[in-house]
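Colleague: No sequence on hand, only this structure:
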């Protein structure tokens, strides 16, 4: 079995791919949702699944409620994208996209879903394009939860390690910010390493 | 590899709705599932705008989603939790249902990008949604029950004394009240043998009977005296229940205790002579009545002995009642200390004491009485007082009225007094 950790070259390459992907995601959001935002340089780490709750809790405020969208993507590089938006940010997003001062629950959910879908499709679509593999997206699943219910330990118990790619998305004009976690597990981590090695070889050959 | 020659046949055979629209919402394809479920035929809708048939859809949002799908070359979605249906379709389910309209998941996939056409797929997720709802209802019920159980557990923990042990008597759990009552830390008790609480004041036969009963997977109830961590005896009513697994194997014991300290204290007061701290006349009377009534084999072999302090009145007259009381206390102590644990000593009244000597023949009883007489004679009270005593004794005959037995003993005492005091007289 291959080592679960990435070497320095692999991390550098993955960061580079993620930067390109996030750039494209930001541009798509600006074009499609008419919202000009910035995305922070992503943090990439391989962690024990038991750490996920702690990692997620660092990006949220304990007293707040959050809209959480989870979108699965399948293929040689498969995984799950978790998009976390505070209640206030989600309200602002609903106001912006539905052009109403008082968006209802459905409007807000749909607005968060649109943003999630655009960001996930852009990031993962571009990343898999770089790695030359196909990917399929599934419909995001939404929930409105208290901060400590975002990453339930029970859900994660079946995996040993996860790659956590985390970043923040900010639309200062609309007072919207979100945290994004891209999680892949076990066999997908090895697939990703192989794909990155192949790409590095192509680039330097 | 086979090339798909008839995509329309394939799309018509699917159990989902699929239609193609452009960014002006003009429908260019409408599959059979949609015709059946919406009652709008493909002939009616193709070439027309979706808006004519479904004016309630938010077309600004739909346009953006179509644009997103085409721009990203990737599907976009509607939230399936949305309360309003994208294409309202009545459900045909006749049996119990919580959904009148079909719950749908809508996926918008890029189709012919240069023509800005997308395929909109409609998936019926009503059954899934209903299952989710009923599951949520059940989860809510379970959560409520769990909360009630937790609350009850807390109430039980704080208000009932419970100890759990393994089959070999090692303590595996104790309630908070148990710890407070016996003044132990829970951590200290866990793993210790339950015998740590034994006072030693109960006969071994009680513990043997207890152990035999529970080892045979039966309940045992009884009153036991346990010790606190500081060595104080506490009376508890105990009910021990064996814990069995699914296959009826014994896996431990559960003991529930109830504090009966006050009850025991009252019982003790009721049967104790306050001055001498030995049994009172009432207790001895009850004992004789019980023997007469039940005639248990273990109880009917005994000798009755009555003792009377000689010239006690003159002690009271000479030294005062306080000294008289001291004499009574000292004599009671001599009697109690000299006899065996299972013999009974009671104050009959005034300066008279009565004793029941169990399982002895009359000769042995006479010797015991003589021993008592000598000890009393030799006991110096308050440094300078010596008293003597007279004894009358008799044997109980099986089946006879105990009043008769008592009368014989009393007659014997009278004889002892009459014939000079400080002696033992037997009357059979």
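Modeller: Yep, that arrived. Predicted model, so just to flag it, every value in this text is computed and none were measured.
Colleague: pLDDT weak spots in the chain?
Modeller: No chain was given, so I picked chain A. Within chain A, the ranges that satisfy pLDDT under 70 run A:1-4, A:151-160.
Colleague: hm, I was asking about chain B
Modeller: For chain B (pLDDT under 70), the answer is B:1-5.
Colleague: so where's the longest strand in it?
Modeller: Of all segments of type strand in chain B, defined using DSSP state E, the longest is strand B:233-244.
Colleague: tell me the contacts of residue B:35?
Modeller: Residues in contact with residue B:35 (CB atoms under 8 Å, 6 or more residues apart in numbering or on different chains) are B:41, B:42. (C-beta placed from N, C-alpha, C; glycine too.)
Colleague: Buried ones in the helix or strand hosting it, by neighbour count?
Modeller: Applying DSSP states H and E as the criterion places residue B:35 in helix B:32-38. Counting neighbours by 16 or more other CB atoms under 10 Å in any protein chain shown, one finds that the buried residues in helix B:32-38 are B:32, B:33, B:34, B:35, B:37, B:38.
Colleague: What are the neighbouring residues in contact with the nearest residue to the first one once chain neighbours are set aside?
Modeller: Distance criterion CB to CB, 6 or more residues apart in numbering or on different chains; nearest residue to residue B:32, sequence neighbours excluded, is residue B:12 at 4.0 Å. Contacts for residue B:12 (CB under 8 Å, 6+ apart) come out as B:31, B:32, B:33.
Colleague: Just give me the closest of those residues to chain A.
Modeller: Among the contacts of residue B:12, residue B:33 lies closest to chain A (CB to the nearest CB), at 18.7 Å.
Colleague: Residue B:17 is in contact with the closest one, correct?
Modeller: Yes. Under the criterion of CB atoms under 8 Å, residue B:33 makes contact with residue B:17 at 4.9 Å.
Colleague: Now do the shared contacts for the two.
Modeller: residue B:122.
Colleague: which bits of chain A sit near chain B?
Modeller: Applying CB under 8 Å from any CB of the partner chain, one finds that chain A approaches chain B through A:28, A:31-33, A:97-99, A:105-106, A:109-110, A:113-114, A:117-118, A:121-122, A:125, A:137, A:139-142.
Colleague: now do 6 Å
Modeller: Residues of chain A lying close to chain B by CB under 6 Å from any CB of the partner chain are A:32, A:106, A:109, A:110, A:113, A:117, A:118, A:121, A:125, A:137, A:139, A:142.
Colleague: so which residue of the stretch 151-300 of chain B comes closest to chain A?
Modeller: residue B:151 (21.7 Å).
Colleague: Report whether that residue is found in a helix, as I expect.
Modeller: Yes. Secondary structure of residue B:151 (DSSP: H, G, I helix; E, B strand; the rest coil): part of a helix.
Colleague: Please report how far it lies from residue A:148.
Modeller: Between residue B:151 and residue A:148 the computed distance is 22 Å (CB to CB, to the nearest Å).
Colleague: swap in residue B:295?
Modeller: From residue B:295 to residue A:148 the distance is 73 Å (CB to CB).
Colleague: How about residue B:206?
Modeller: With distances taken as CB to CB, residue B:206 is found 53 Å from residue A:148.
Colleague: check which helix or strand covers the residue nearest to residue B:32.
Modeller: Assigned by DSSP H and E, residue B:12 falls in helix B:7-13.
Colleague: Give me every residue in the stretch 1-150 of chain B that's in contact range of chain A.
Modeller: B:68, B:72, B:74, B:75, B:76, B:77, B:79, B:81, B:82, B:83, B:105.
Colleague: ok, so of those, who is nearest residue B:215?
Modeller: residue B:81 (58.8 Å; CB to CB).
Colleague: Show the contacting residues for the residue of the stretch 151-300 of chain B closest to chain A.
Modeller: Applying CB atoms under 6 Å, 6 or more residues apart in numbering or on different chains to residue B:151 gives no contacts.
Colleague: Tell me if I am right that residue B:317 is in a strand.
Modeller: No. Residue B:317: not assigned to a strand; according to three-state DSSP it is helix.
Colleague: Now do residue B:426 against chain A, distance only.
Modeller: According to CB to the nearest CB, to the nearest Å, residue B:426 stands 85 Å off from chain A.
Colleague: oh sorry, the question was meant for residue B:371
Modeller: From residue B:371 over to chain A the distance is 78 Å, taken as CB to the nearest CB.
Colleague: and that residue, which of the three is it?
Modeller: On the basis of three-state DSSP, residue B:371 is classed as helix.
Colleague: Run through the residues that contact residue B:250.
Modeller: By CB under 6 Å, 6+ apart, the neighbours of residue B:250 are B:167, B:217, B:242.
Colleague: what does the helix or strand that contains residue B:374 contact?
Modeller: Using DSSP H and E, the element containing residue B:374 is helix B:362-378. Contact with helix B:362-378 is made by B:303, B:305, B:334, B:338, B:357, B:388, B:389, B:391, B:393, B:395, B:424, B:426, as judged by CB under 6 Å, 6+ apart.
Colleague: out of the contacts of residue B:250, which are buried?
Modeller: For those, buried by 16+ other CB under 10 Å: residue B:242.
Colleague: Reformat the contacts of residue B:250 as CSV; add distance to residue B:382.
Modeller: Below are the contacts of residue B:250 laid out as CSV (distance: CB to CB, whole Å):
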residue, distance to residue B:382
B:167, 57
B:217, 59
B:242, 57
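Colleague: quick check, nearest of the contacts of residue B:250 to residue A:188?
Modeller: Distance to residue A:188, by CB to CB, is smallest for residue B:167 among these, at 49.2 Å.
Colleague: and that closest one, what does it touch?
Modeller: B:250, B:252.
Colleague: In contact with residue B:291, which residues?
Modeller: residue B:299.
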